[in-house]
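>>> Sequence plus predicted model, see below.
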Amino acid sequence: MLQLKTIVCIGFVSGACIAALSCRSVQSVETRTPEQAAAQYRSPLPGHFVSLRGATIFYLDSGASESVVPNPETPMRKPSPAPIVLIHGLGASTFSFRRNIPALEKQARVVALDLKGFGLSKDFTDKNFSFMEEAAIVVALMDYLKISRATLIGQSLGGTIACLIAAEYPDRVDRLVLVDSATLYITRPWVTRFLHGGLFNSMAYQMGGPDRRRIRGLLEKAYFDKSKVSDADVEGYYFPFTIKNSAEAARLFLTTDNPNGNALLARIRAQTLILWGAKDTFIEPSVRDFLHHQIRNSKVEIIPNAGHAVMEERPEEVNQALLKFLGGNL
């Protein structure tokens, strides 16, 4: 069965679930509101909140690109490229793209969002945390920003969401980039079965989320060169878990069933780049090959000496590959 290897214990979030007994109480950890967190969050682009589909979503936006005005002296000038929408992976946030946004915004308008329940997007009334709902939120954000078509770049779980959008809303996707992406069917680890009720449901509410030591360990597994993981990287991933409602968002996401949607991959018609870290130990190479086989208009590019967090570990090579793809053809 094609899946993440143990789904990385559902990434950073589920690491907290497995280690629940060693965590502090949620009251002592989740001290910030999303607005307080935003005031302390250093990002490469201006940050904003918007209410979409029963959730308050945090996003970054480089701003609308300048309109192309006809100029007799430059008659062959190309129109502005489609905006780029960045979709993060499991347990991550817009922080994951900090080393890519500066290069990408020179090419086109760049928007990055925290999916519902992740990053700073911790205020919600709608408790639907399905992949399809997360995809609908991305489209709703595009509607709000008046983006008719965009290039979607999804990493890990973000690739799953990007694929769903490309399959279900094909007219909204200009190009598609899948970075060490999961498929449209991800099995959950055994621990999540216990989070539905009784004692374990109560325990989930008392979890304080992953601590810095645990996050460092997971980041080092996501990198090929562990020495590249800095204290600032650890803090950037830890910070969102200090926001109120993080434990409940994790529980809801982890206990949401998602149907096997891999058949939808054949419906994707956007030009697709499948970008992969050669030393990824989180997702099997068979997943990469499966995506390539199912998505007809796709090509694979492998970044050497890079793990699952390839966009963070080898940003120069990744940015170069992305800009080449966005500016050319398959």
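Done, it's in.

>>> Show the low-confidence segments of this protein, by residue range.
1-28, 64-80, 188-209, 329-330 (pLDDT under 70).

>>> can you give me the helices in it?
11-18, 26-29, 34-40, 101-104, 131-144, 157-168, 198-206, 212-222, 231-238, 246-254, 285-294, 310-313, 315-327 (DSSP state H).

>>> What residues sit buried inside the third one?
What it means is helix 34-40. Buried residues in helix 34-40, counted by 16 or more other CB atoms under 10 Å: P34, A37, A38. For glycine as for every other residue, the C-beta is placed from the backbone atoms N, C-alpha and C.

>>> Test my guess that the first one contacts K122.
Just to be clear, that refers to P34. Yes: assessed by CB atoms under 8 Å, P34 is found in contact with K122 at 5.5 Å.

>>> still on that earlier bit, so which of the helices of the chain comes closest to L275?
helix 315-327 (6.0 Å; CB to CB).

>>> Other residues contacting that closest one?
81, 84, 99-100, 103-104, 107-108, 151, 153, 175, 177, 179, 273, 275, 301, 303, 306, 310-311 (CB atoms under 8 Å, 6 or more residues apart in numbering).

>>> what's the answer for stretch 43-62, then?
34-35, 38, 41, 63, 94-95, 98, 101-102, 105, 109-116, 119-121, 123-126, 128, 133, 136-137, 140-141, 144-145.

>>> ok, back up a step: select only the buried ones of the contacts of helix 315-327 in ChimeraX?
For the buried members of these, the matching ChimeraX selection, counting by 16+ other CB under 10 Å, is:
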select :84,99,100,103,104,107,108,151,153,175,177,179,273,275,303,306,310,311
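
>>> which ones are touching G158?
L86, I87, H88, G89, A92, L115, V179, S181.

>>> Please identify which of those residues is nearest to K279.
When these are compared against K279 (criterion: CB to CB), the nearest one is V179, at 14.2 Å.

>>> Surely that closest one is in contact with A162?
No: counting by CB under 8 Å, V179 stays clear of A162, with 9.4 Å between them.

>>> what residues are shared contacts of the two?
With CB under 8 Å, 6+ apart, V179 and A162 have common neighbours I153, G154.

>>> so F49 bridges to which residues?
F58 (DSSP bridges).

>>> Tell me, how many residues neighbour it?
Neighbour count of F49, defined by other CB atoms under 10 Å: 16.

>>> and the gap between it and G63?
17 Å (CB to CB, to the nearest Å).

>>> anything in contact with each of P34 and K122?
With CB under 8 Å, 6+ apart as the test, P34 and K122 both reach I243, K244.

>>> And the buried residues of helix 34-40, which is closest to R213?
Nearest to R213 among the buried residues of helix 34-40, with distances taken as CB to CB, is A37, at 21.4 Å.

>>> Now for the nearest residue to K279 once chain neighbours are set aside: which residues touch it?
Computed as CB to CB, 6 or more residues apart in numbering, the closest residue to K279 that is not its neighbour in sequence is F224, at 4.0 Å. In this structure, F224 makes contact with G277, A278, K279, N305, A306, G307, E313, judged by CB under 8 Å, 6+ apart.

>>> got a list of what the first one touches?
The neighbourhood of G277, defined by CB under 8 Å, 6+ apart, consists of D180, F224, I302, I303, A306, G307, H308, A309, V310, E313, R314.

>>> and if we set it to 10 Å?
Going by CB atoms under 10 Å, 6 or more residues apart in numbering, G277 touches 179-180, 222-224, 283, 288, 302-311, 313-314, 317-318.

>>> Show the buried residues in those.
179-180, 222-224, 283, 288, 302-303, 306-311, 313-314, 317-318.

>>> re earlier: what is the nearest of the buried residues of helix 34-40 to D233?
Using CB to CB, the buried residues of helix 34-40 come closest to D233 at A37, 17.6 Å.

>>> I'd say the closest one and D123 touch.
No: when contacts are counted by CB atoms under 10 Å, A37 is not listed as touching D123 (11.0 Å).

>>> I figured T272 was touching S298, is that so?
Yes: taking contacts as CB under 10 Å, T272 lies within contact range of S298: 3.9 Å.

>>> Which one's more surrounded, those two?
T272 (26 against 19).

>>> what's the more buried one in contact with, if anything?
Taking CB under 10 Å, 6+ apart as the test, what T272 contacts is 152, 162-163, 166, 173, 175-178, 265, 291-292, 295-300, 325, 330.

>>> how long is stretch 249-268 from one end to the other?
30 Å (CA to CA, to the nearest Å).

>>> in it, what counts as buried?
In stretch 249-268, the ones that count as buried by 16+ other CB under 10 Å are A249, A250, R251, L252, F253, L254, T255, T256, N258, G261, L265, I268.
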